[in-house]
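Undergrad: no sequence on this one, just coordinates:
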Ligand code: C5J
């Protein structure tokens, strides 16, 4: 059944059978007190604000049978998939691969690399390990979505202006309708979050739409709008 979703700059229609929920990088190191993000001086409570909205859309997506995709940013332990331009940034003690409060920073398999238990993937859901900011770069995501005939992406996670934005831009260029779930995204910089969402909907929706967790839950629940 085709659903109507309240969004900016305009409402849109989507078919749950060709729609995926994409949850970006809800990893312990970015979000949990005592993790890498906090060790950099960030207020991780700003990211925690996205957890409850994502839990709500995740429950609704599961109930509606949507394809659910979780992503994790991280690298192989030998760093062979990390370009020098990424490795050389930041203070040496806080670089990718250095020891962090929850294991080596952004390394696959380390405790901090894991997804928050509250949003843990369940059997049948896709987990994409991505070495970049965008979820399409150097991953199987495009092939997985293509095999399922997916046309619309409901995107949430962290951080709004980095990995969420990059993924939406990549998805838009590949022909997907990309909808950011605004309150299901968050940033360590509230201004970047606000402007990041504004950039998506400016100019008639230059590369997507912005909706909310409440609107997505209502649409997936079949509420007429
Ligand atoms: C994400 C980052 N996930 N900010 N990463 O946005 O480096």
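TA: On my side now, so go ahead. The structure displayed is predicted, hence computed values, not measured ones.
Undergrad: helices and strands of this protein: which one bottoms out on pLDDT?
TA: helix 36-39 (a mean of 88; mean pLDDT, DSSP states H and E).
Undergrad: is that one in proximity to the ligand?
TA: No. Helix 36-39 stays clear of the ligand (C-beta under 6 Å from any ligand atom), getting no nearer than 8.7 Å. Quick note: C-beta positions are derived from backbone N, CA and C, even for glycine.
Undergrad: which elements pack onto that helix?
TA: Here helix 36-39 touches helix 28-31, going by 3 or more C-beta pairs under 8 Å, 6 or more residues apart in numbering; DSSP states H and E.
Undergrad: can I assume residue 20 sits in a strand?
TA: Yes. Assigned with DSSP: H, G, I helix; E, B strand; the rest coil, residue 20 falls within a strand.
Undergrad: three-state assignment of the closest residue to residue 90 other than its chain neighbours?
TA: Nearest residue to residue 90 in three dimensions, chain neighbours excluded: residue 96, at 7.9 Å (C-beta to C-beta, 6 or more residues apart in numbering). What three-state DSSP gives for residue 96 is coil.
Undergrad: residue 120 versus residue 96, what's the distance?
TA: Note on residue 96: its distance to residue 120, by C-beta to C-beta, to the nearest Å, is 24 Å.
Undergrad: in the least confident helix or strand of the chain, what's buried?
TA: Within helix 36-39, the residues scored as buried using 16 or more other C-beta atoms under 10 Å are 36, 37, 38, 39.
Undergrad: ok, how many other residues are close to the residue nearest to the first one when sequence neighbours are not counted?
TA: If I follow you right, that is residue 36. In this structure, residue 36 finds its nearest non-sequential neighbour in residue 29, 4.0 Å apart by C-beta to C-beta, 6+ apart. The number of residues packed near residue 29 is 29, by other C-beta atoms under 10 Å.
Undergrad: residue contacts, residue 29?
TA: By C-beta atoms under 8 Å, 6 or more residues apart in numbering, residue 29 lies in contact with 35, 36, 37, 100, 102, 105, 106, 112, 113.
Undergrad: make a markdown table out of these and add distance to residue 198.
TA: As requested, the contacts of residue 29 are exported to a markdown table (distance: C-beta to C-beta, whole Å):
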| residue | distance to residue 198 |
| --- | --- |
| 35 | 29 |
| 36 | 28 |
| 37 | 24 |
| 100 | 32 |
| 102 | 33 |
| 105 | 31 |
| 106 | 29 |
| 112 | 31 |
| 113 | 31 |
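Undergrad: state the pair within the residues you listed that is farthest apart.
TA: Taking C-beta to C-beta, the two most distant members of the contacts of residue 29 are 37 and 113; they sit 12.6 Å apart.
Undergrad: who does the residue minimising distance to the centre of the chain form a beta bridge with?
TA: Centroid-nearest residue in the chain: residue 24, 1.9 Å away (criterion: C-alpha atoms, centre = their mean). Per DSSP bridges, the residues bridged to residue 24 are residue 71, residue 157.
Undergrad: pLDDT score for it?
TA: Among the per-residue scores, residue 24 shows a pLDDT of 98.
Undergrad: packing partners of the longest strand along the chain?
TA: Assignment by DSSP state E gives strand 177-186 as the longest strand of the chain. Judged by 3+ C-beta pairs under 8 Å, 6+ apart, the packing partners of strand 177-186 are strand 12-14, helix 45-48, helix 51-64, strand 152-158, helix 165-173, helix 190-205, strand 209-211, helix 213-220.
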